[in-house]
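>>> Need coordinates for the below:
(one chain, ligands or ions: 1)
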Amino acid sequence: MITEKLYKLEQESISRGIPILGSVKGTWLYHLVKELKPQKILELGTANGYSGIIMGSEGAELTTIELNPEIAEEAKANFKEYKIKAKVIIGDAVEEIKKLNENFDLIFIDFAKRKYIEVLEKAINLLNKNGVIVADNITMEGCKDFKERVLNHPKLKTEIINIKDGLGYSQLQ
Ligand code: SAM
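Now for the predicted structure:
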């Protein structure tokens, strides 16, 4: 199981205060990847690559966007170590996502909580048929608008996965 292989990176991230997904939500995400078998994955909020390694560990192509160039360099090194097919874009996810014109099977949103709502429509437009958007920390106050929108969006079927502060799971209808 990939989360076991990532134990050292998880512990190091926690001790350095890097806000990674962690192994409990990470295990759920890994099982989702095993089930959906996405070919192409987009992530907003790379940090040091912990969740990207989990999502890319079954061979998918990962595109991931990170604002902080220093942590993005760590992610690049970690992706190399774990042989993840990853393209790291350094910049503001709200701006960088607008420039993408390829489609994805899975989009994982895990960056500035109040900005989730700003990327939602573009993320929906980038999804392949039956594509899925997963949003971390969805029960946090900052994600309130986003949560309401995905729960009521005509193009999405959404459920809240009750692990810690929640994960939004939204499938394109
Ligand atoms: N997904 C990572 C994981 O679980 O391993 C954790 C990501 S961490 C919760 C959020 C990351 O989003 C931070 O590394 C932060 O620098 C980055 N970030 C914050 N604002 C951003 C923005 N506007 N665009 C892109 N990345 C951003």
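
>>> what are the ranges of the strands in this structure?
With strands called from DSSP state E, the chain shows them at 40-44, 61-66, 85-90, 104-109, 127-136, 156-161, 167-172.

>>> and those as TSV, adding mean pLDDT, mean neighbour count and distance to Ile18?
C-beta coordinates here come from the backbone N, C-alpha and C atoms, glycine included. As requested, the strands of the chain are arranged in TSV below (pLDDT from 0 to 100; neighbours: other Cβ atoms under 10 Å; distance: least, Cβ to Cβ, whole Å):
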stretch	mean pLDDT	mean neighbour count	distance to Ile18
strand 40-44	99	26	15
strand 61-66	99	24	12
strand 85-90	98	17	16
strand 104-109	98	25	16
strand 127-136	98	20	14
strand 156-161	98	16	22
strand 167-172	98	21	19
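
>>> which residue ranges form the helices in the chain?
2-5, 7-16, 23-36, 50-56, 69-81, 93-96, 116-126, 144-152 (DSSP state H).

>>> Quick check: which of the strands of the chain is nearest to Ala72?
Taking Cβ to Cβ as the measure, those were each checked against Ala72, and strand 61-66 came out nearest at 4.2 Å.

>>> what does this protein put close to the ligand?
Taking Cβ under 6 Å from any ligand atom as the test, the list of the chain residues beside the ligand reads 19-21, 45, 47, 50-51, 65-68, 71, 92-94, 110-112, 115.

>>> Now Leu167. Nearest residue, chain neighbours left out?
Sequence neighbours aside, Ile161 is the residue nearest to Leu167 in space, at 4.2 Å (criterion: Cβ to Cβ, 6 or more residues apart in numbering).

>>> thinking the one you found is in contact with Trp28, fair?
Yes: between Ile161 and Trp28 there is a contact under Cβ atoms under 8 Å: 6.5 Å.

>>> any common contacting residues for those two?
Shared contacts of Ile161 and Trp28 (Cβ atoms under 8 Å, 6 or more residues apart in numbering): Leu167.

>>> Dump the helices of the chain into JSON lines; add distance to Ser170, mean pLDDT and mean neighbour count as well.
What follows is the helices of the chain, written out as JSON lines (distance: least, Cβ to Cβ, whole Å; pLDDT from 0 to 100; neighbours: other Cβ atoms under 10 Å):
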{"stretch": "helix 2-5", "distance to Ser170": "23", "mean pLDDT": "96", "mean neighbour count": "15"}
{"stretch": "helix 7-16", "distance to Ser170": "26", "mean pLDDT": "98", "mean neighbour count": "13"}
{"stretch": "helix 23-36", "distance to Ser170": "12", "mean pLDDT": "98", "mean neighbour count": "17"}
{"stretch": "helix 50-56", "distance to Ser170": "16", "mean pLDDT": "98", "mean neighbour count": "26"}
{"stretch": "helix 69-81", "distance to Ser170": "25", "mean pLDDT": "98", "mean neighbour count": "16"}
{"stretch": "helix 93-96", "distance to Ser170": "17", "mean pLDDT": "98", "mean neighbour count": "18"}
{"stretch": "helix 116-126", "distance to Ser170": "8", "mean pLDDT": "98", "mean neighbour count": "19"}
{"stretch": "helix 144-152", "distance to Ser170": "5", "mean pLDDT": "98", "mean neighbour count": "17"}
